[in-house]
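**Student:** Provided below are the primary sequence and the corresponding predicted coordinates.
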Amino acid sequence: MSRHTEKSNTMSNTATAIKTMAIKNIPVKTKMQTLLLSLAMLIFVLMSLNPALARAAAASDSMQEMDHSQMDMSGKKKTGDKDAMQMHSDDMQMQGGDAPADARDPHAYSDGQTLTSGDYALPGPRILKLADEHNFYTLLFDRLERVDNPGANSTAYDMIAWFGRDYNRLVVKSEGDFASSGKLEEASTDVLWSRAMATYWDAQLGMRYDNGAGVPGRSWLAAGVQGLAPYWFDIEATAYVGNDSRTAVNVQAEYELLITQKLILQPRIEANIYGKSDLTRDLGNGLTDMAAGIRLRYEIKREFAPYVGLEYASKYGETANIARATGNLVSDTRLVAGVRFWY
Amino acid sequence: MKRFPKSPPQSRPNTPMQSPNLPRRRFLQGLAAGGLMLGLSPFARQALAGAAPSDGSAPILRGTEFDLTIDETPVNFTGKPRMATTVNGSLPAPTLRWREGDTVTLRVTNRMAVDTSIHWHGILLPYQMDGVPGISFPGIKPGETFVYQFKVKQAGTYWYHSHSMLQEQTGLYGAIIIDPADKDPIRSDRDYVVQLSDWSDEDPMRVLEKLKIQSDYFNFNQPNAIRFFEDVADKGLSSALSQRKMWNEMRMSPNDLADVSAYTYTYLMNGNTPNANWTGIFKPGERVRLRFINSGAMSFFDVRIPGLKMTVVQTDGQDVEPVTVDELRIGVAETYDVIVTPADDVYTIFSQSMDRTGYARGTLAARAGQSAAIPALDPPQPLTMADMMGNMGGMSGMDHGSMGGMSGMDHSKMKMGLDKPGREVRHARTEYGPSTDMRVNTPRTNLDDPGVGLRNNGRRVLTYADLHTIGGPVDSRGAEREIELHLTGNMERYTWSFDGVEFGQSTPVHFRHGEHLRVILHNDTMMTHPMHLHGLWSELETPEGDFQVRKHVINVQPAQRISFKVSADAVGRWAWHCHLLLHMEAGMFREVVVS
């Protein structure tokens, strides 16, 4: 929702002309900077998209840097060096990685028996189905908040819902803003198939649709990753391809710092990059906008937590020039208050 | 504590509802009068014939013919009325008293709207009688009666429970006491079942859903900023930081001691809340036998009786050489029989949950109405690096002296065949994906670790190394072959499996009928898993391959690798699973085919 929050209210030809002029006036240096930044972020997304690389990243939580002082082997241990386990020399990682060629076959002990056939199998279809074959679902409003904008307050939301099994899910993500009048200003919604690729990482494929007041909608194909990086950072990174060879990247990172068991500080950062300017939506190319927020919530229940926070939002490059030219703020710090809740 | 309404909703003379011996919490509320009365008829016959203890325990049913009716019954443990799954209207279900050598017939009638089943836990029987829907039989449909019949080939303390969905969590569990055909070598003057369990007012499926959505939902003992600053003050910044570094890099929590806590659970002793205080009466100087059964769904209990030593004489129905301890950890589905000899005093039976969020409590007293002090919960201890990585003595980069042995592989050892359990760690290829969050490369094999929270607590705590089954193994042949399975899971996704493969994608493990084999269980998680193999004994071995103790449930501690021998003498299909109910339900479940 940090996506270009302040919009020009008029979409007149004059405004477009002003924007076009504004873009032409961008210094070359800034253009280069945004281009480089976009490139770096794209590389990050592409890297993340590659499950092997993601796994390798996960596996970098290696054991080399263990803290020896913590080895509290409290149980009276009598194992000596000779009792040390033998192990595959090429497999010392505790997480992630790729299976060695001679890794054990998990079906090696079945001798051809299956759950529905073989000796003493019950006739008919399989009755015993456990939760690994059960669909679960949830709906989380990570943010539903009142934003203290200069001029008029607005309401912002950021939700995610999923339906499915452990490793394959349908995911819907949506963010948007409503004006104080209740009119939808802008929204962006992803519908994705999410497949677990590594211990903490899911790959996601699908569509995004952007809509908003007085501007044409935009449809995108989406591909991204979502997961948990070392040190418990929640990461989402998605690349988009739209009509007219439009491209975009959205990156989000969140962290949950437990002050107490129920009082939780949540820093959050989000950035958008567009490969091509989209004047009807007040977007330049390159890094368009970034938002960095910090929210302090109290979990009355896990499922229900009111919060207050501060969010800094800023536009960059061409997008900032457009904002300036149309009399909108380029950057702003706002007070937010809302609730986080899920079912 | 106010729990159950005091009188039944309808007054019918000569129904068991009027029996003064029936604890007041054990009553039926008529959802449908017809169903109620049909459900009552076998109950009336038996409950009146059997002894219904006045101490608040379940009624005791004796003999060789049993009518058990499964129904839903209103209960109230927390101030909120809820429906429980009960047998003959009782929670816990009636205690069944059998005699070794008898053939028992159990007619189990389902009065509920959903399928049900009863599994006779730890009992050796034909696989069709084992009561696992989809493996041993199709289950018991609403309105149906299934007749279980088998010869009782063993003696000791066991239990029974539903094996359908999550009915075990909602109350369907009871004790089985099998008297030996001959005189019981364990002499006692009093004999009490002490059945521990965990009750939640929530639908257990909702509990599982919450864990799938947020796996630390029930954990309010997580590392946080305040504790971090306390650690900084205590140990200095670098120590506090390094202590967190590895856990945070791996995205795992050292305080992940139990998936479900007292946040939703009320811990019960013989179906009584701590306030209701189940009490066992003794005369000073008597030998009192306490048959501890953990019928919890997700809770390990650390049991002690301050002021009394407990002499462990049996586990999982099998007599062991007596060993005297202050405290024992009872895994889900395990049983421990202990002898205590109380003097003229009153004692608290204190069973704190492993995560230290609550306790089940009862009293041993010379006179009814007495109670003793209740100890404070021990502070929770975090998991250690040994719980994550196992035996670090053999780690590369830490002990270069042992590296040569590791890379060169000790071939002389290989020739020794199967005398000793194999030490080469062989992860399955399915352990490298999203279904696992860690692999232990240097497991610990010692059996003398009491486990997290009990280490160095100043009390004598039982470990598996203390347990020696009297009479040795059932089969003294060496192992003909060895199979290795890993216990796996991903805490963040809340998935649990063998070898990284959940039940739905798994294939059965085939044991050849008559063979004697070794099973190695290697725990690639940071939780203790009580592993239960149906139909066959699990004879736990020492790390050297010597017989240790015969069990039906073996707790495998975090980063531990244990082995047990199985005599595959019972044909059929059997369930094999983690007895943490939600781990089982999540897919930590395999079929075993003996043929």
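**Tutor:** In hand now; what should we look at?

**Student:** how long is stretch A:209-228 from one end to the other?
**Tutor:** 25 Å (CA to CA, to the nearest Å).

**Student:** what about it, near chain B?
**Tutor:** Yes: for stretch A:209-228, a contact with chain B is found by CB under 8 Å from any CB of the partner chain, at residue A:228. Heads up, the C-betas are built off the backbone N, CA and C, glycines and all.

**Student:** ok, for residue B:179, nearest residue in space, not its chain neighbours?
**Tutor:** residue B:99 (5.0 Å; CB to CB, 6 or more residues apart in numbering or on different chains).

**Student:** now for the one you found: which residues touch it?
**Tutor:** By CB atoms under 8 Å, 6 or more residues apart in numbering or on different chains, the residues touching residue B:99 are B:152, B:178, B:179, B:181.

**Student:** can you flag the buried ones in those?
**Tutor:** B:152, B:178, B:179 (16 or more other CB atoms under 10 Å in any protein chain shown).

**Student:** just the residues you listed now: which is nearest residue A:311?
**Tutor:** For the buried ones among the contacts of residue B:99, the residue nearest residue A:311 by CB to CB is residue B:178; the value is 67.0 Å.

**Student:** ok but that closest one is inside a strand, no?
**Tutor:** Yes: counting by DSSP: H, G, I helix; E, B strand; the rest coil, one finds residue B:178 located in a strand.

**Student:** CSV for the buried ones among the contacts of residue B:99, including pLDDT and distance to residue B:505?
**Tutor:** Listed next are the buried ones among the contacts of residue B:99 as CSV, based on pLDDT from 0 to 100; distance: CB to CB, whole Å:
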residue, pLDDT, distance to residue B:505
B:152, 98, 37
B:178, 98, 38
B:179, 97, 44
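
**Student:** distance of residue B:277 from residue A:306?
**Tutor:** Residue B:277 sits 39 Å away from residue A:306 when distances are taken as CB to CB, to the nearest Å.

**Student:** before we move on, the earlier item: closest to residue B:260 among the contacts of residue B:99?
**Tutor:** residue B:178 (31.1 Å).

**Student:** check contacts around residue 221.
**Tutor:** No chain in the question, so chain A it is. When contacts are counted by CB under 8 Å, 6+ apart, residue A:221 touches A:206, A:207, A:208, A:240, A:241, A:242.

**Student:** actually it's chain B I care about, not the one you picked
**Tutor:** A:261, B:255, B:257, B:261, B:355, B:356, B:357, B:380.

**Student:** which of these count as buried?
**Tutor:** Of the contacts of residue B:221, these count as buried by 16+ other CB under 10 Å: B:255, B:257, B:261, B:355, B:356, B:357, B:380.

**Student:** just list the residues touching the third one, thanks.
**Tutor:** If I follow you right, that is residue B:261. Going by CB under 8 Å, 6+ apart, residue B:261 touches B:218, B:219, B:220, B:221, B:353, B:355, B:357, B:358.

**Student:** in strands, which of those residues fall?
**Tutor:** Among the contacts of residue B:261, DSSP state E puts residue B:353 in strands.

**Student:** rebuild the contacts of residue B:261 as TSV, extending it with pLDDT and distance to residue A:327.
**Tutor:** Converted to TSV, the contacts of residue B:261 look like this (pLDDT from 0 to 100; distance: CB to CB, whole Å):
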residue	pLDDT	distance to residue A:327
B:218	97	52
B:219	95	51
B:220	95	50
B:221	92	53
B:353	97	62
B:355	96	58
B:357	97	57
B:358	97	61
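
**Student:** now the contacts of residue B:261 in TSV, with distance to residue B:466?
**Tutor:** TSV is the format used below for the contacts of residue B:261 (distance: CB to CB, whole Å):
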residue	distance to residue B:466
B:218	32
B:219	31
B:220	33
B:221	29
B:353	22
B:355	24
B:357	27
B:358	27
